[in-house]
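Colleague: with the sequence up front, the predicted model follows.
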Amino acid sequence: MTLNQRIVLAARPAGEATLDNFRLESVEVPALADGQVLVRNHHLSLDPYMRMRMNDAKSYAAPQAIGEPMIGGTAGEVVESRHDGYAAGDTVVGMGGWQQYTVVNAAVPGAMRKVDASVIPLSAYLGAVGMPGVTAWVGLIHLIAPKAGETIVVDAASGAVGSAVGQLAKSRGCQVVGLAGGADKCAYVVDELGFDACIDYKQHRDFASLAAALDAAAPQGVDGLFENVGGLILNVVLSRMNAFGRIALCGMISGYDGQPMAITDPRLLLTQRLKLQGFIVSEHMSLWPGALKELGGLVASGQLKYRESVAQGIAAAPEAFLGLLKGRNFGKQLVKLI
């Protein structure tokens with residue numbers, strides 16, 4: 001029998017998540033039934049949405065079950081198959097969870113898909129050519145629908161989603177302003193990713209200071225906002241939105257520990273005739289093929305750049321995840337499992 005190491009949710013957080021909320025287990029990999037595939041996961045994706053799933057609260061998806069492997073995207077290789085559509089050696093991506101091996105019911109639509117790792121690195125299918133990249137594409141292209149010459153703002157700009165948003169907006173002729181935490185991240189966003197400006201929010205802790213920085217970076221106001229953070233940043237950018245501006249509400253990481261986040265001047269939604277749309281990328285599956293085609297082409301040609309932060313080994317996943325929630329990662333946060 002093969003042993004599978006996995007990280008399960010040991011207890012729900014009371015406020016801020018800690019290492020005590022997770023537990024490392026070793027279990028035997030079961031024998032495959034007809035229609036099943038055994039995948040050896042090479043890379044595990046860590047993403048902010050996982051923190052929301054740890055709570056037992058009403059949301060767009062069921063809470064993470066206690067005692068079960070943490071949910072998460074994985075990229076790996078088929079090592080055994082009892083399904084005609086897959087063979088040992090196939091490289092695949094799916095939602096294998098925080099574990100070294102995953103038994104997949106391959107007949108279930110969308111359970112996993114084959115990918116070509118000969119041109120695009122396997123890990124990129126969890127980032128720029130995976131869920132984060134598609135999230136950026138759907139929010140920007142489908143919801144904000146930017147026009148050349150408009151000003152687009154994106155926070156968490158050096159992360160997996162934000163970095164793709166900015167580059168896609170630049171490719172469509174937009175002025176792009178990012179917000180990121182730290183001078184090194186802002187330098188990367190401007191110098192390597194090609195944003196027009198980046199604001200280090202750590203240097204602007206109050207409304208007046210952050211608003212002044214945004215006025216300097218976007219003197220013509222803001223036409224589109226791709227929102228990942230919420231809180232102070234959202235309120236400041238709202239105050240600088242132009243008439244008929246569009247906001248794609250992707251995440252609110254500043255409130256994932258449960259604290260309330262108020263919109264301080266909701267009248268702006270009316271007076272500026274703003275469109276604010278929350279979205280979950282898994283509810284837009286019809287858009288994925290077009291998004292993946294463009295993203296894959298851009299990554300393969302080197303036109304879409306990305307960065308990865310990599311933790312080593314399944315046991316490192318909880319600490320890396322908590323660091324992600326604090327902004328300690330630089331780019332896409334992964335765990336390398338082999």
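Modeller: Perfect, thanks for sending it.

Colleague: the residue lying closest to residue 287 once chain neighbours are set aside: neighbouring residues, count only.
Modeller: Nearest residue to residue 287, sequence neighbours excluded (CB to CB, 6 or more residues apart in numbering): residue 138, at 5.4 Å. In this view, the C-beta of every residue, glycine as well, is placed from N, C-alpha and C. Neighbour count of residue 138, defined by other CB atoms under 10 Å: 22.

Colleague: roughly how far apart are residue 138 and residue 289?
Modeller: 12 Å (CB to CB, to the nearest Å).

Colleague: swap in residue 10?
Modeller: Distance, residue 10 to residue 289, by CB to CB: 38 Å.

Colleague: the two: which has the busier surroundings?
Modeller: residue 10 (15 against 10).

Colleague: who are the contact partners of the more buried one?
Modeller: Applying CB atoms under 8 Å, 6 or more residues apart in numbering, we find residue 10 in contact with 20-23, 66-67.

Colleague: what about 7 Å?
Modeller: By CB atoms under 7 Å, 6 or more residues apart in numbering, the contact set of residue 10 is 20-23.

Colleague: tell me the one of the residues you listed nearest residue 163?
Modeller: Comparing the contacts of residue 10 against residue 163 with CB to CB places residue 22 closest, at 27.6 Å.

Colleague: for the residue nearest to residue 150 when sequence neighbours are not counted, grab the count of nearby residues.
Modeller: Distances taken as CB to CB, 6+ apart put residue 223 closest to residue 150, at 3.9 Å, once the chain neighbours are dropped. When neighbours are counted by other CB under 10 Å, residue 223 registers 22.

Colleague: check residue 294 too.
Modeller: Here the number of neighbours of residue 294 (other CB under 10 Å) works out to 18.

Colleague: mind telling me what element it is part of?
Modeller: Using DSSP states H and E, residue 294 sits within helix 288-300.

Colleague: so which elements touch that helix?
Modeller: With contacts taken as 3 or more CB pairs under 7 Å, 6 or more residues apart in numbering; DSSP states H and E, helix 288-300 sits against helix 131-137.

Colleague: CA atoms only: put the helix it packs on into PDB for me.
Modeller: The C-alpha trace of helix 131-137 is given here as PDB (Å, rounded to 0.1, in the frame of the first residue of the first chain):
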ATOM      1  CA  MET A 131      -8.100  29.500 -12.000                       C
ATOM      2  CA  PRO A 132      -6.300  32.800 -11.000                       C
ATOM      3  CA  GLY A 133      -5.700  33.700 -14.600                       C
ATOM      4  CA  VAL A 134      -9.300  32.900 -15.700                       C
ATOM      5  CA  THR A 135     -10.500  34.900 -12.700                       C
ATOM      6  CA  ALA A 136      -8.600  37.900 -13.900                       C
ATOM      7  CA  TRP A 137      -9.800  37.400 -17.400                       C
END
